[in-house]
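Chemist: build me a model from this:
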Amino acid sequence: MNRTVLALNTKQRVGQGHFNPREFRRMLAVTWPFRGYLIVGVLLTMVFASLHTVSLAGAFPIFKILLEEEGLRGWIARTVAGDRLGLEFSPPTEQNRVRIVDVRSAGAGATHGLRENDLVLGTDETPIGELLALLANHDKRNLIPIEIERGGERFRVQVFPQEPSRSMRALGAAATWIPADADTASGKLRTLVYILVGMLTVVISANLFRFWGEVLIAQSVLRGLMALRVQLYERTLHLPMSFFAGQSTADIVGRFVQDMQEMQRGLLTLFGRFLREPLRAILILGAALFLDWRLTLALLVVVPVTMGIFWLVGRSVKKANHKLLRGYGQMIDTLTTSLHNLRVVKAYTAEEYERARLTSVDLKMFRQQLKLARLQAMTSPLVETLAILAGCMVTLWLANRVLSHDIEVAKFVMLGVFFAYLFDPVRKLTDVYVRVLRSTAGAERVFQVLDHPIEVDGSGAGSALPPLARAIEYRDVTYTYPGAERPAVSGVSLAIAKGETVALVGPNGSGKTTLVSMLLRFFDPDEGAILHDGVDLRKASLKSLRSQIGLVTQDTIIFAGTPVDNIAYGMAHGDGKLAEEAARRARADEFIRALPGGYHAVLGERGNTLSGGQRQRLAIARAIFRNAPILIFDEATSQVDTESELQIQTALQDFARDRTTVIIAHRLSTIQFADRIVVMDAGRVVDTGAHGDLFQRCPLYRTLCETQFVTEPAGVAEGG
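Modeler: Below you'll find the model as predicted:
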């Protein structure tokens, strides 16, 4: 395993099971460029939460109308009168009286000596309902006499109501909308119709606000993640090759797909539920406090316990999700490998083996998914059990107060509704917390890639390299792959003159590909230097260096698109005529024209509709089209048939003339036209020279010729 992967895995282990504020802030910052959508969406969501609470509060007057004789007007009068006197009255009884159940120390009632449990009496001339209405609406400077009974004794008290608060003035204004005959059966029904129409209007408006709020939030999140994906893709393309050495490609793909999906779910949940549900809870809690603050505060004792459950479950969820995300990468890797090599799988009747391999990976993912499911399934029942326990205690308390006439029936029912609805956002917040923790696990994996150093020019911007004028020189170059026990290239010194064709030969693992990879600066030497006309490549611009090199790799790469797209790959506007000329020189023109659509045919995934030889010739045409002064052919004719190879050899000899060419080959026919052959073994240069000289004096080269190279001039016939 290389150093990069070890570093990534270490960071992953550090972050597992813990909330990472830094990565959370970075995840939130993804939406900042699109904050206009987000801000408006959040505001609309807040309006929805407010209107939802208003619609919920509309149930209270319905209960007052249906459940109590006092009626809606009477309740408003009693509430406003109590507020102006600093008192809380019980509902009126049949005895034409109300009891004082609470006295505020700074209120007018306390100033005039009124106490808790005093009875306020109505008279034949002024029934208790009219007295409360008078106290609620009084706006003169004179005192109002009221009859008080305390301990069986009666006395009269002169009181002066204080100015009503803003909320009480609003409540009093609402009473003016109630029909004058609201105490009659027909009046109650008409009032009920008004309330229901108002509630329906509020509900429709609230859900419209919710719809547009969620759409705008989604706009912000999805645009932000799209920009992040572009940034991640750009970063990945500019990572050094050492990052990918030993790193699973599927794991990188998983960060684009599964980890980004986790971030999307988390951000949508965060800006949706996480803002909406707490606001709903706060507003509902405020309404409950307005109805009975002492009872509501008593319920809040379950909050610390609930938060503790969130914290414990959240740690386990994040740790399990880290393992699950890595499992997705392993599954993608296993699946794509099997599908890409399906011909081999079928030829070796290894379907059952591949199925078992994928099942093994899937089983590991299943265990993590089941663990997450258990954790998420456990959270809501725990919170719900606490809520039910608290609800049972509250119900007993409320029932006792109702039976002792300390609280009216409508308030009892309304508090039950409030607490039931208060539980809903709290329950949803349990899912929000788990979802956000899962998204931060994905965010950490994405930002690990974004934070990894990219390929950089050794001296900042780097100097632009002019075309090669003299020579490329490897000067005592040593390179060891991260995690390897021995160097892939050790103490290599080699000069390649401009226009010279050099063939690199040697057994597998001798360092040939590593040597040419360092010429492209896929890796930089651990020791020594590679010079381009005396300029250290590490001090040169990567773009100017690589633009001078044409590359044909051992594993033929064909991209999605047409033959012209593949031949002119990397050019903003590929010239079709030049692409056709390059194809002719690579002996690819004939088979391309035979394709349905010719040069504009759409090739299958990875060029699977082409034979191995056709793919190889198309890749060679790409190098010819680039017309670079330096050519690198890594096993360039390994999959070309006999006839095509002879044609390509002629084309290569012609194209390589006056160009600096480095060839890695296992075919004698490929290297015979080289000006010089370099023999490598165990990362070192063993010998250099012409074919005949090396065959005579170099035992390793002679062995290679006798055992690996094909001695017939035409080479081996292999799929066309």
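Chemist: now do the contacts for residue 57.
Modeler: The contact partners of residue 57, by Cβ atoms under 8 Å, 6 or more residues apart in numbering, come to residue 287. (Each C-beta comes from the backbone N, C-alpha and C, glycine too.)
Chemist: ok, it to residue 175 distance?
Modeler: 15 Å (Cβ to Cβ, to the nearest Å).
Chemist: and for residue 131?
Modeler: Residue 131 sits 16 Å away from residue 175, going by Cβ to Cβ.
Chemist: neighbour-wise, which of those two wins?
Modeler: residue 131 (25 against 18; other Cβ atoms under 10 Å).
Chemist: can you list contacts of the strand or helix carrying that one?
Modeler: According to DSSP states H and E, residue 131 maps onto helix 128-137. Taking contacts as Cβ under 8 Å, 6+ apart, the residues outside helix 128-137 that touch it are 70, 73-74, 76-78, 80-81, 84-85, 89, 92, 96-98, 120-123, 126, 144, 146, 159, 161, 164, 172.
Chemist: just want the angle from the host helix or strand of residue 148 to helix 128-137.
Modeler: When elements are assigned from DSSP H and E, residue 148 belongs to strand 144-150. Relative orientation of strand 144-150 and helix 128-137, computed by axes from the mean of the first three to the mean of the last three Cα atoms, to 10 degrees: 130 degrees.
Chemist: so what does strand 144-150 touch, helix or strand wise?
Modeler: Strand 144-150 sits against strand 119-121, helix 128-137, strand 153-159, with contacts defined as 3 or more Cβ pairs under 8 Å, 6 or more residues apart in numbering; DSSP states H and E.
Chemist: now that strand: mean pLDDT?
Modeler: Mean per-residue pLDDT for strand 144-150: 90.
Chemist: off-centre distance for stretch 71-79?
Modeler: Chain-centre distance of stretch 71-79: 53 Å, with Cα atoms, centre = their mean, to the nearest Å.
Chemist: if you count neighbours, what's buried in stretch 591-605?
Modeler: Neighbour counts over stretch 591-605 (16 or more other Cβ atoms under 10 Å) mark 591, 592, 595, 599, 601, 603 as buried.
Chemist: in JSON lines, list those residues along with pLDDT and distance to residue 528.
Modeler: Putting the buried residues of stretch 591-605 into JSON lines (pLDDT from 0 to 100; distance: Cβ to Cβ, whole Å) gives the following:
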{"residue": "591", "pLDDT": "85", "distance to residue 528": "44"}
{"residue": "592", "pLDDT": "85", "distance to residue 528": "43"}
{"residue": "595", "pLDDT": "84", "distance to residue 528": "47"}
{"residue": "599", "pLDDT": "84", "distance to residue 528": "45"}
{"residue": "601", "pLDDT": "83", "distance to residue 528": "47"}
{"residue": "603", "pLDDT": "79", "distance to residue 528": "41"}
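Chemist: among these, which are located in helices?
Modeler: Of these, the ones assigned to helices by DSSP state H are 591, 592.
Chemist: which one of the buried residues of stretch 591-605 sits closest to residue 686?
Modeler: Distance to residue 686, by Cβ to Cβ, is smallest for residue 591 among the buried residues of stretch 591-605, at 39.4 Å.
Chemist: closest one to residue 538 among the helices and strands packed on strand 144-150?
Modeler: Of all the helices and strands packed on strand 144-150, helix 128-137 sits nearest to residue 538, with 86.5 Å by Cβ to Cβ.
Chemist: wait, a strand at residue 688?
Modeler: Yes - counting by DSSP: H, G, I helix; E, B strand; the rest coil, residue 688 is found in a strand.
Chemist: so it touches residue 680, yeah?
Modeler: No - applying Cβ atoms under 8 Å as the test, residue 688 and residue 680 come out as separate, 9.8 Å apart.
Chemist: higher neighbour count, the two?
Modeler: Neighbour count, other Cβ under 10 Å: between residue 688 and residue 680, residue 680 has more, with 25 against 16.
Chemist: of the helices and strands packed on strand 144-150, which shows the lowest average pLDDT?
Modeler: helix 128-137 (a mean of 87).
Chemist: strand 153-159 and that one, what's the angle between them?
Modeler: If you take the same axes, to 10 degrees, helix 128-137 sits at 30 degrees to strand 153-159.
Chemist: let's number from 28 now, not from 1
Modeler: Got it, the first residue is 28 from now on, which makes the last one we talked about helix 155-164.
Chemist: chain center to helix 155-164: distance?
Modeler: Relative to the chain's own centre, helix 155-164 is displaced by 60 Å; criterion: Cα atoms, centre = their mean.
Chemist: same deal with stretch 228-238?
Modeler: For stretch 228-238, the separation from the chain centroid amounts to 29 Å (computed by Cα atoms, centre = their mean).
Chemist: local confidence estimate at residue 560?
Modeler: 89.
Chemist: same deal with residue 240?
Modeler: 90.
Chemist: repeat for the one 10 residues further on
Modeler: pLDDT, residue 250: 89.
Chemist: quick one: it and residue 257, what's the gap?
Modeler: Using Cβ to Cβ, residue 250 is found at 11 Å from residue 257.
Chemist: looking at the two, which has the bigger crowd around it?
Modeler: Shown here are residue 250 and residue 257; by other Cβ under 10 Å, residue 250 has more neighbours (16 against 10).
Chemist: who's in contact with the spatially closest residue to the more buried one that is not a sequence neighbour?
Modeler: Once flanking residues are discounted, residue 250 sits nearest to residue 61: 4.7 Å by Cβ to Cβ, 6 or more residues apart in numbering. Counting by Cβ under 8 Å, 6+ apart, residue 61 makes contact with 246, 247, 250, 251.
Chemist: and for residue 303?
Modeler: By Cβ under 8 Å, 6+ apart, the neighbours of residue 303 are 72, 73, 75, 76, 237, 452.
Chemist: and those residues, which is closest to residue 491?
Modeler: Nearest to residue 491 among the contacts of residue 303 is residue 72, at 52.9 Å by Cβ to Cβ.
Chemist: near the closest one, how many other residues are there?
Modeler: Neighbour count of residue 72, defined by other Cβ under 10 Å: 25.
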